[in-house]
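>>> got a predicted structure here, sequence first:
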Amino acid sequence: MGTIRLTTAQALVKFLNHQYIHADGEEFPFVEGVFNVFGHGNVLGIGQALEQDSGHLKVIQGKNEQGMAHAAIAYSKQKLRKKIFALTSSSGPGSANLTTAAATALANNIPVLLLPADTYATRQPDPVLQQVEQEHSMAITTNDALQPVSRYWDRVQRPEQLMSSLIRAFEVMTDPAKAGPATVCISQDVEGEAFDFDEEFFQKRIHYVDRPLPTERELQGAVEKIKASKKPLIVAGGGVKYSEAREALTAFSKEYDIPLAETQAGKSAVEHSFKNNLGGLGITGTRAANQAAQEADLVIGIGTRYTDFATSSKTVFDFKKAAFLNINVSRMQAYKLDAFQVVADARTTLEQLMPLLEGYKSQHGSSIQERKQEWTRERERLRSITFNRENFDPEIKGHFSQEIMNEYADTLGTEFPQTNALLTANQAVDEDAVVVCAAGSLPGDLQRLWETNTPNTYHLEYGYSCMGYEISGALGVKLAEPDKEVYAAVGDGSFLMLHSEFITSLQYHEKINILLFDNAGYGCINNLQMDHGGGSYHCEFRTANHDIVNIDYAKVAEGYGAKVYRANTEEELKAAIEDAKKQDCSTLIEMKVLPKTMTDGYKGSWWNLGVAEVSERESIQEAYAFKEKMLETAKKY
Ligand SMILES: Cc1ncc(C[n+]2csc(CCOP(=O)(O)OP(=O)(O)O)c2C)c(N)n1
Ligand SMILES: O=C1C[C@@H](O)[C@H](O)[C@@H](O)C1=O
Ligand SMILES: [Mg+2]
């Protein structure tokens, strides 16, 4: 084979066009497209290459580097990591804006290809615009800040380096055990530099995603653990989704009568209506799941990272009696909580375990169904909360006086409790609609209350819980699921932090719907500070005169060209959602909701936080003492 003379950027684009995934007998292109915000660092290099010949790649203009990267992450997450977007940014601030998103991808194990421009390889014009000049090193650029938040990071300062660099990047992104963001920084002069690339570099490259099998020893060990247990509990994490293990997991759970609890990443791997599904586990979990966790003598963690939210900072289980069995493609994850480790694919392991457990039944008996029914009643209660101006007792108790609650009701012109609003929305959206969320009080409400019976329609970024992911993420999900209605459930704080990609959705006619829950503040953080003995300090949105800030978000979205609705009652919300379904363009439904009306924690939902050890307030001293008490029974590592 010969060579072909291309610029580095042209070679990059050509290579991206020839990457394929092979999974479960199917083969398809791995890179769907390229998001871009062009600046002087990439427009003449990667920009020129895309303009000349982008091949099959969709080229989408982003509005904020973090936002477009969040969209790319959401696309890949929704596609179960089998397809990605790449993205190109200019150097300096463009790459700095990618840092938060790279960390989001890393914490969630999501592959995405970041291509920030770098400073000049020749150094001739140094210092160039946007170059940070470190006194102790010429070699450091803003892009170095991406190193700790990338699974793979490289700097390309000669055209031929691109070849080895990209092959490594794709190896990392397509390995389920180490999937995450790959960052390849290309010097801006090198992007346009030409080289005689070997033609074979551009041949179709297939990345095989095989299912790692459990060993005989691992299977026997797992069988022994399960057979010895009376009250096992399955914890279904994100790995269940990525392994597409729904059928295997439900069959396994049903056959051996083992209840299952979901993490944020694992929710909707299995439908809500599945009889043994007890819902969310941990800090934002259901009473049903947390009770089953307290009782468990064996926890079968499948594809879970056991974050503090899933384990209630290692207190949701009774560690004196609970043993752990972890099934995970990542050896690092499988080691957690001193578990018996099965380092293998979830679906294959469950399929192989099935026949080996014949004759086994858990001793849960009727308790699984009783707990599920009791939770359904609690959910009903949360749907029908009514505000009143005399003696309203919100879910989050003892923080705001009636006077303050009335002030919110008057200023925002609403009596709508958040739980009622969310449950109304859940009922009104299509059965296969996808909900996207990341931060604030909504992830807790969603994990407890949102019911879906269509797999992979609950999309929570709760590894990094990054405000601003919600709307950008909804765009990524829409690109992945063009035939479904996609809803970003977002608080006012998150909306204010980042909603630039809402405009991108309008621009490209990729319809998304924003469900905006405006409680005029950082509600969940206000709850945290007041729950731990503090006052209400800088978490409500108030003016210098202490007036509540009341923003007309609907008007803002109208200005962008979206179809907007204002819905402060159940009837208005139902009507808005129905009408929004008929629209072709993106929509925003603004709901003014009362503070303190989100769900509260249930027993077993303790969170270990950095409470002040010394304080002038008795209430904070009490909070610290409570933390010390909780740590007595928590697992220490
Ligand atoms: C980028 C980022 N900054 C800060 C935080 C910390 N944080 C978590 S939730 C939150 C407030 C969220 O407010 P809002 O979106 O209005 O939701 P609410 O809690 O009021 O429902 C903050 C500041 C975060 N998660 N992400
Ligand atoms: O600090 C936080 C508190 C959580 O309740 C919230 O969901 C999350 O976004 C966060 O960062
Ligand atoms: Mg808020």
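Here it is on my side, so go on. Ligands and ions are numbered 1, 2, ... in the order given.

>>> pretty sure residue 422 sits in a helix.
Yes. Residue 422 forms part of a helix when assessed by DSSP: H, G, I helix; E, B strand; the rest coil.

>>> tell me, how many residues neighbour it?
Residue 422 has 28 neighbouring residues, counting by other C-beta atoms under 10 Å. C-beta here means a position set from N, CA and C on the backbone, and glycine is covered the same way.

>>> is it correct that it is in contact with residue 441?
No. Contact criterion C-beta atoms under 8 Å: residue 422 and residue 441 do not qualify, at 10.0 Å.

>>> helix, strand or coil for the residue of the chain at minimum distance from ligand 2?
As assessed by C-beta to the nearest ligand atom, ligand 2 sits closest to residue 439 within the chain, at 3.3 Å. Recorded secondary structure, residue 439: coil (three-state DSSP).

>>> how about residue 627: what's its closest non-neighbour residue?
residue 611 (5.2 Å; C-beta to C-beta, 6 or more residues apart in numbering).

>>> for that neighbour, give me its contacts.
532-533, 620, 623-624, 627 (C-beta atoms under 8 Å, 6 or more residues apart in numbering).

>>> just the residues you listed: which are in helices?
620, 623-624, 627 (DSSP state H).

>>> flag every residue of the protein that's near ligand 1.
Within the chain, the positions near ligand 1 by C-beta under 6 Å from any ligand atom are 439-442, 465-468, 491-494, 519, 521-525.

>>> got a list of what the residue in the stretch 101-250 of the chain positioned nearest to ligand 1 touches?
Per C-beta to the nearest ligand atom, residue 104 is where the stretch 101-250 of the chain lies closest to ligand 1, at 9.2 Å. Going by C-beta under 8 Å, 6+ apart, residue 104 touches 69-70, 73, 110, 461, 463-464, 466, 469.

>>> if we can go back for a sec, quick one: pLDDT of the residue nearest to residue 627?
Looking at residue 611, its pLDDT is 98.

>>> for ligand 3, see how far away it is.
Going from residue 611 to ligand 3 by C-beta to the ion, to the nearest Å gives 23 Å.

>>> using the three-state scheme, assign that residue.
Taking three-state DSSP, the label given to residue 611 is coil.

>>> for residue 116, same thing?
Here residue 116 is recorded as strand under three-state DSSP.

>>> residue 558 too?
Secondary structure assignment for residue 558 (three-state DSSP): helix.

>>> count the neighbours of it for me.
Residues lying near residue 558 (other C-beta under 10 Å) number 13.

>>> which residues does it contact?
Residue 558 touches residue 564, counting by C-beta under 8 Å, 6+ apart.

>>> change it to 10 Å
552, 564, 588 (C-beta atoms under 10 Å, 6 or more residues apart in numbering).

>>> and the pLDDT at residue 95?
In this model, residue 95 is scored at 97, pLDDT.

>>> and the residue nearest to the spatial centre of the chain, how far from residue 397?
For the chain, residue 461 is the residue whose C-alpha lies nearest the centre (C-alpha atoms, centre = their mean; 1.1 Å). Noted for residue 461: a distance of 29 Å to residue 397, by C-beta to C-beta, to the nearest Å.

>>> next one: residue 506
41 Å.

>>> look at the two and report which has more neighbours.
The neighbour comparison of residue 506 against residue 397 (other C-beta under 10 Å) goes to residue 506, with 19 against 10.

>>> okay but that one is in contact with residue 586, surely?
Yes. Between residue 506 and residue 586 there is a contact under C-beta atoms under 10 Å: 5.1 Å.

>>> what is in contact with the two at once?
475, 512, 557, 560-563.

>>> ok, the closest residue to residue 347 other than its chain neighbours - contacts?
When the adjacent residues along the chain are set aside, residue 347 lies closest to residue 245, with 3.8 Å between them (C-beta to C-beta, 6+ apart). Listed by C-beta under 10 Å, 6+ apart, the contact partners of residue 245 are 236, 239, 251-252, 269-270, 302-303, 327, 345-351.

>>> give me the distance between residue 624 and residue 618.
11 Å.

>>> joint contacts of those two?
residue 533.

>>> more neighbours, those two?
The residue with more neighbours, out of residue 624 and residue 618, is residue 624; 17 against 9, by other C-beta under 10 Å.

>>> pretty sure residue 161 is touching residue 167, no?
No. In this structure residue 161 lies outside contact range of residue 167 using C-beta under 10 Å: 11.2 Å.

>>> neighbour count: the two, which is higher?
Taking neighbours as other C-beta under 10 Å, residue 161 and residue 167 compare with residue 161 leading, 19 against 12.

>>> quick check: closest non-adjacent residue to the more buried one.
residue 154 (7.7 Å).

>>> can you pull up the bridge partners for that neighbour?
Listed beta-bridge partners, residue 154: residue 184 (assigned using DSSP bridges).
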